[in-house]
Structure formats: C-alpha cells, structure tokens
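**Q** Give me coordinates for this.
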Amino acid sequence: MEAYDPLSNFAYEISKLLHVQGPVSIFGPYSADWTTPLEFTITGHLFWWIISVTIFLLVMFAWKKRASIVPRGRFVNAMDFLWEFIRKGVVETIISHNARQHLPFISTIFFLLLVNNYVGVFPSAKAPNGVISGTLAMSVTVFIYFNYAGIKAKGGLAYFKGIVPHGVPVFVAPIIFIIEVVSFCLRPITQALRLFAAVYAGHILLGIFALLTSLFVTGIFQGAYVWGLTVPLWFVLLIAIYVLEFLVLAIQAYVFTMLTAVYIDGATSDH
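**A** Residues are numbered from 1 along each chain as shown. Below you'll find the model as predicted:
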C-alpha cells in the first residue's frame, strides 16, 4: 500500500479554504458581474449577517425582559457587566461632551460586533465581518453618526471650520485643511480594514489547523499510524487556538468600539 502523505494536497486544500472565505453565493458559485451594479445575490456572509442580527435582537429582547433593579441569573449579570464596562470604561472615560447621549449607539455597536465575531467561529459559518464589505458597512455607519453628532453639537459651519486646528497660520491653512480632510475620509477605511484583517486572519488560522487535524485523522484510516499519534496533540492545539480566537475577537470588538468613542469625542468636544 502506498504510504499516506497528508500534506501532499495541502496547498490545494488551502486554496479551497481561501476561496470559501470569499463572497460565495448560497445558491451556487458566485459569478456576479461587477460591471452590473444592480445584480444581487445572497452570499454566505450576508446570510450569516442576517443570522447574527437575529441573534443580537433576541439576546437584547431577552435581556430587556429579564432586567431588574437587582440582577438575577448569570445571563443578566453577564450582560449588565458588559454594558457597565462599555459605559464606564469607554463612553464616560473617552467622551467629554454629553457622553450618556451616545451610550445607546456605542453599546449597540459593541454588542452587535461581538455577536458577529462569535457567530463566525462556529464550523461552517461565514464570519459576517470576514469580508471587507461587512466591516466597511459598520465603519461607514460610525462615520455618518459622529459627523452628525458633531454638526448637531457645534453647528454645521463651526464643525467644518474646526477641521483646521486653531492657531494655524493663514497661508498654511489650505494645505492643512486638505490633509485633515483626506485623513478624515480615511477613518472609515482604516477602521474597517483593522477589524477585517483581524477577523479574516483568525478564521484562516482556524481553518488551517482544522484542515491539518482532518488530514491527520484521515491518515489513521489509511494506515499512517505515525501521523495518527499526533492527532490528540492537534486537537489540544486546536482547542487552544479557539480559546485564543475568542479572546482576540472580543478585543477587536472593544477596539472598534473604543475608536468609535474617540471619533465621537473628537467631533463633539471643543478641544
């Protein structure tokens, strides 16, 4: 019998993994013509985005229904802890002008991102934030919100005049204005790329380790007992990677939320 080599088709399997992480339609291979902007299909990522939003709404309604002055139960206590963490550790710490006014929006961003990130960890699920369009939708929403908050707090003219810092010489002001506007418009792109890169890299890493584990398990059934002896170690390593991924995804949701608060503070504060 020919010796089993579990890594012989590894490059091919990796290419399949990368393809699956792309925007593939749930109705078959995605072959949309990007020159036709009205063409639409439900991709796996969009499908799981809908699932994530549904889970988010169910969790929020369940939390609201069970909420009380004295929290009871692990679920309510956990949700209250996370909400207090966002309120005290992000909103009230970073935003200096009418912080409580922005708490509903910022806490919604955090909890929705947390659900989106965790849904993508489950096998066969498509990470809603695993494509740039998903994270860009979130960052553009943030961009619209903090500009609206800034205009509402300062007035339209004062808000746009504030793009150029006070004390800048008149002959330098036009150059500074252009630089600040470009930097301003890049915020949603950089915020989206930061989250997308972390989520995408994490799921590729999980996929690679899961693929290696499956290859080694296959080796057992084909007589490659040497490879089979390493399977338990791979399972332990895979579990450790999953735990680390859960931690990283929570941190990424926190970082995105913190940046949102920083942008709102910059748009609404007087300094």
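**Q** So which residues of this protein form helices?
**A** Along the chain, counting by DSSP state H, helices occupy 10-20, 44-66, 74-86, 92-94, 103-119, 132-154, 156-161, 173-221, 225-228, 231-268.
**Q** show me what contacts residue 203?
**A** Neighbouring residues of residue 203 by C-beta atoms under 8 Å, 6 or more residues apart in numbering: 21, 120, 121, 127, 130. Where you see a C-beta, it was placed from the backbone N, CA and C, and this is true even at glycine.
**Q** Top of the residues you listed by number of neighbours, please.
**A** For these, neighbours were counted using other C-beta atoms under 10 Å, and residue 127 has the most, 27 neighbours in all.
**Q** quick one, what contacts it?
**A** Contacts for residue 127 (C-beta under 8 Å, 6+ apart) come out as 45, 48, 116, 117, 119, 120, 121, 134, 199, 200, 203.
**Q** do the same with residue 114
**A** By C-beta under 8 Å, 6+ apart, residue 114 lies in contact with 82, 249, 250, 253.
**Q** May I see the residues you listed organised as a markdown table, with distance to residue 142 and neighbour count added?
**A** As requested, the contacts of residue 114 are arranged in a markdown table below (distance: C-beta to C-beta, whole Å; neighbours: other C-beta atoms under 10 Å):
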| residue | distance to residue 142 | neighbour count |
| --- | --- | --- |
| 82 | 19 | 16 |
| 249 | 18 | 24 |
| 250 | 19 | 16 |
| 253 | 13 | 24 |
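**Q** Just flag the most distant two among those residues.
**A** 82 and 249 (13.9 Å; C-beta to C-beta).
**Q** thinking again about what came up before, of all the helices of the chain, which lies closest to residue 167?
**A** Taking these one by one with C-beta to C-beta, helix 173-221 is closest: 10.3 Å.
**Q** got the angle for that closest one vs helix 231-268?
**A** Going by axes from the mean of the first three to the mean of the last three C-alpha atoms, to 10 degrees, helix 173-221 is angled at 160 degrees with respect to helix 231-268.
**Q** Could I get the average pLDDT for helix 173-221?
**A** Average pLDDT, helix 173-221: 78.
**Q** And for stretch 244-259?
**A** Stretch 244-259 carries an average pLDDT of 90.
**Q** got the buried residues for it?
**A** Burial within stretch 244-259, assessed by neighbour count using 16 or more other C-beta atoms under 10 Å, is assigned to 245, 248, 249, 250, 252, 253, 254, 256, 257, 258, 259.
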